[in-house]
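Enquirer: Sequence isn't available, so here's the structure alone:
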């Protein structure tokens, strides 16, 4: 075969053309990177279609996340000692496709009674799964943390259905109280006073991701080498305030480790993540799985044999998933879910730090601010 100059040129031009075409495809596949900023309230109630109510009494309490128009739900249970209700219902293979509320509560397994109070309140307000003849069955998944007997309470002084009803009555789409409130009222995390925390992320184009968490972890939120929060690096917009390391990096100390061992086997961190985009149950479950990474970023160790770490995800469906405009060679939808899951993890980790900073000392259980006053500017 005779190879001519024109033949070689044609091959070269074809190769260059293919390369440019491939490069163009790669460029087109690059994801759109949103700016990182918190929502207006920096709370889960920044998510349109979400309301939050708290009720606490004698250092135990209940938090209710309401979805007045319903929301597609998902869940991931990663701790080995969970106390939950209606989590099987959220499996993508099961029938019910929307939930009316999620309950986070103290009281260990006894505290699940609070969800019954929320159900009764929802029934009275005609919210729930329509079963005909004007009747509804409210769908209310729930998770509990262990706080019975703490802070001078008797073991049987714990949340009841009345707690759930009152928390639902208190629900609003406004600012969310943090610290020793709701499900965080009786919480302890790594020997420090735990609490309730919330945060949100504005992804642009109207898309919001929010998280609320009751931090009652067996592990510590604090790095024992410096006294700093593990998730401090995820701060957005100065939301943690001026913080510094209580002591020099690398300085040997047993203070934090000793605190972490204060109350073994009485643990569990429980959370709800919400977004206003339309999700399937399978997508909500995947985002819940990714959101659990937020616990691992903020708490060490997490997901232990003695924690019942549980994360719910709600999608209110007010915007199409494509609003996120994420692009990837393997498809738009997976790229959008990746962004939501990653954002959920970071937002949840931030909410954990905010919970710890908002908590107040109770008895001999110090708050972070009181235990490490040198870390917080006066």
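Expert: Right, received. Where do you want to start? What you are looking at is a predicted structure, and each value in this text was computed from that prediction instead of being measured.
Enquirer: Could you pull out the buried residues of stretch 240-249?
Expert: Neighbour-count burial for stretch 240-249, with 16 or more other C-beta atoms under 10 Å as criterion, is recorded at 240, 243, 245, 246, 247. Where C-beta positions appear, they are placed from N, C-alpha and C, glycine not excepted.
Enquirer: of all those residues, which two lie farthest apart?
Expert: 240 and 247 (18.2 Å; C-beta to C-beta).
Enquirer: In the stretch 1-150 of the chain, mark out all the strands, start to finish.
Expert: Taking DSSP state E, counting those that start in this stretch as the test, the strands found in the stretch 1-150 of the chain are 51-56, 61-77, 84-85, 99-105, 129-132, 135-137, 142-144.
Enquirer: what's the closest of those strands to residue 325?
Expert: strand 61-77 (20.9 Å).
Enquirer: and the closest one, what other elements does it pack with?
Expert: Other helices and strands packing on strand 61-77, by 3 or more C-beta pairs under 8 Å, 6 or more residues apart in numbering; DSSP states H and E, are strand 51-56, strand 99-105, helix 161-169, strand 207-215, strand 270-277, helix 281-298, strand 310-319.
Enquirer: Return the set of buried residues in that strand.
Expert: 61-68, 70-77.
Enquirer: from those residues, which two are the most distant?
Expert: 61 and 72 (27.2 Å).
Enquirer: Please determine how far residue 270 is located from residue 215.
Expert: Residue 270 is 9 Å from residue 215, where distance means C-beta to C-beta, to the nearest Å.
Enquirer: And the buried residues of stretch 240-249, which is closest to residue 358?
Expert: Closest to residue 358, out of all of the buried residues of stretch 240-249 and judged by C-beta to C-beta, is residue 240, at 10.6 Å.
Enquirer: what helix or strand is the closest one on?
Expert: Following DSSP states H and E, one finds residue 240 outside all helices and strands.
Enquirer: Okay, it and residue 286: tell me how far apart.
Expert: Distance from residue 240 to residue 286, by C-beta to C-beta: 29 Å.
Enquirer: again, but for residue 365
Expert: Counting by C-beta to C-beta, the gap from residue 365 to residue 286 is 36 Å.
Enquirer: got it, and residue 213?
Expert: Residue 213 is 19 Å from residue 286, by C-beta to C-beta.
Enquirer: Which one of the two is surrounded by more residues?
Expert: Using other C-beta atoms under 10 Å, the more surrounded residue of residue 213 and residue 286 is residue 213, with 36 against 21.
Enquirer: any idea how far the more buried one lies from residue 63?
Expert: Counting by C-beta to C-beta, the gap from residue 213 to residue 63 is 10 Å.
Enquirer: Return every residue with contacts to both of these two.
Expert: residue 196 (C-beta atoms under 8 Å, 6 or more residues apart in numbering).
Enquirer: Give me the below-cutoff pLDDT ranges for the stretch 1-150 of the chain.
Expert: 1-35 (pLDDT under 70).
Enquirer: If we use 90, what do you get?
Expert: 1-36, 81 (pLDDT under 90).
Enquirer: these two touch, right, residue 167 and residue 57?
Expert: No - here residue 167 lies out of contact with residue 57, judged by C-beta atoms under 8 Å, at a distance of 11.0 Å.
Enquirer: Neighbour count for the two, which is higher?
Expert: Each of residue 167 and residue 57 has its neighbours counted (other C-beta under 10 Å); residue 167 has more, 31 against 16.
Enquirer: Hmm, residue 90 is touching residue 142, no?
Expert: No - Residue 90 is not in contact with residue 142 according to C-beta under 8 Å; the separation is 11.6 Å.
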